[in-house]
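# task: produce atomic coordinates for the following.
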Amino acid sequence: MSAGRIIVLGAGVAGLSVALPLRRAGREVTVIDALPPAGGSSFGNAGLLSPDTSVPVALPGMLRKVPGWLSDPLGPLVVRRSYLPRATPWLWRWIKAGRMDRALAISASMRALHVGSFEAWRALLGAGGFSEFIRQSGQVQVFDRAEETPAAALEREFRARQGIPTEVLGADELRQMFPGIARHVSRGVLIPGNGNTVNPGRMVRRLADLFLAEGGEILAERVLKLIPREGGGWMAMTNVANHVAATVVVAGGAWSRAMLDPLGIRVPLETERGYHLLLPGANVAPRMPILYKSRSFTITPMEEGLRAAGTVEIAGLDAAPDERRAEQLLRLMRTLFPGLEGGTPRLWMGHRPSTPDSLPVLGPVPSRPGLHLCLGHGHFGMTGGPPSGKLVSDLILGAAPRIDAAPYSVNRFQGGSP
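The predicted structure is shown next:
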């Protein structure tokens, strides 16, 4: 076994985006995950690819909306009552991250990471894979009101600060772009620099296939504990084996804390549970994703049908899904396209691994030599995963990263900062 072996914990988009560049650099790399590649959030997300995204989830003024959201059990944000005591510290950090000064700094760091997303995907997939899976056709946000809402105005300000081009669309333009769209949808914002994937799960599985074809190893095992070795390096104790490596990358999504907490590494990582409904054979085929801001969900055209995704449920990793949250997405889709019909819907729930400040946790853990993190991408995993993997792999290889890694360091959470 090579002393320079690297173990990556996690076979989702984040883990594979680290593992593949390391393998291409000639390192011996093993990926370990109890689930097959793309078995978690990398499978069921909305498929949005948003390099022109620089708006954090927590924004000024959001606190006053929370009571109304929480009063609706099927609303855009719900916290299960039994889980509230455990979620409160994370929610408090989330609220503090929404102060204007923090939100502006977070926005700049989001932009720095996300702007290279398409290039990072192309480097991973190759030109042929990129064209097979990715559409750079833009995204449209739509609203029920012709007047700009305060939240929309704030998002416009954030985009303007980052120099992100947009185009305001009126009701007539929306109806020309999306035949059959509801009459009450009267305003839109086109973000032409964004796009989507036609199949997030299959695209991440392609990363795994490339990794294996280039000599990498993927083990279907459940890691029980990370143990630092005397003299350096790490042992990953799994349900069936012990694996030793000089370097370990934790990229286990919402399950990453189970590896980090026993080591005394405190990362405020929560699962924002998200749902999707896939409608096969839909008679509506928008040519780009539509983010229905007035109803807090997204529809994305995909290979298998029309996927609606959205809302946030805070209930931890173990609670059973509330299938009503997925089922209601069909009703919401028909508020956008009243004539929508299709086959039998497929329901899904997954765990977004979210930090309170909307930024991932990337890079080395200073107190634990040989341990690196690539986790916490929240709502932006498909966008941020590949550039994050490039940054983390560069740091491991001793190469100069494209951007300053400091804003994503685990150190930012020391002293109670959001």
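# so who does the spatially closest residue to His243 that is not a sequence neighbour touch?
Excluding the flanking residues, the one nearest His243 by CB to CB, 6 or more residues apart in numbering is Ala236, at 4.5 Å. Heads up, the C-betas are built off the backbone N, CA and C, glycines and all. By CB atoms under 8 Å, 6 or more residues apart in numbering, Ala236 lies in contact with Ile7, Leu9, Ile32, Val223, Lys225, Leu226, Ile227, Asn242, His243, Val244, Ala245, Val248.
# quick one, strands of the stretch 201-350 of the chain?
217-219, 223-228, 234-238, 242-245, 247-250, 270-279, 290-292, 297-302, 305-314, 346-354 (DSSP state E, counting those that start in this stretch).
# most tightly surrounded among those strands?
Highest mean neighbour count of the strands of the stretch 201-350 of the chain: strand 247-250, a mean of 26 (counted as mean count of other CB atoms under 10 Å).
# outside of that one, which residues touch it?
Applying CB under 8 Å, 6+ apart, the contact partners of strand 247-250 are 4-10, 15, 18-19, 226, 233-234, 236, 256, 259-260, 370-375, 392, 396.
# how many residues are close by the spatially closest residue to Arg80 that is not a sequence neighbour?
Using CB to CB, 6+ apart and skipping the chain neighbours, the partner closest in space to Arg80 is Ala315 (4.1 Å). Ala315: 22 surrounding residues under other CB atoms under 10 Å.
# same check, this time on the one 3 residues further on
Counted with other CB under 10 Å, the burial measure for Asp318 works out to 7 neighbours.
# look up phi and psi at it.
For Asp318, the backbone dihedrals (degrees, to the nearest 10) come out as phi -100, psi -20.
# how much space is there between it and Arg273?
As defined by CB to CB, to the nearest Å, Asp318 lies at a distance of 11 Å from Arg273.
# ditto for Thr53
Taking CB to CB as the measure, Thr53 and Arg273 are separated by 21 Å.
# least trustworthy helix or strand in this structure by mean pLDDT?
Across the helices and strands of the chain, mean confidence by mean pLDDT, DSSP states H and E is lowest for helix 66-70: a mean of 69.
# got a list of what Pro37 touches?
Contacts of Pro37 by CB under 8 Å, 6+ apart are Ala11, Gly12, Leu16, Val204, Arg205, Leu207, Ala208, Ile218.
# immediately after the helix or strand hosting Ile95, which helix or strand?
Assigned by DSSP states H and E, Ile95 belongs to helix 84-97. The element immediately downstream of helix 84-97 (helix or strand, assigned by DSSP H and E) is helix 100-114.
# need the helices for this structure, in chain order.
For the chain, the helices defined by DSSP state H occupy 13-24, 41-44, 66-70, 84-97, 100-114, 117-133, 150-161, 171-177, 200-213, 257-260, 323-336, 381-397.
# by mean pLDDT, show me the worst of the ones you listed.
Across those, the stretch with the lowest average pLDDT is helix 66-70; it has a mean of 69.
# per-residue pLDDT, the closest residue to Ser109 other than its chain neighbours?
Excluding its sequence neighbours, the residue lying closest to Ser109 (CB to CB, 6+ apart) is Pro407, at 4.0 Å. Listed pLDDT for Pro407 reads 97.
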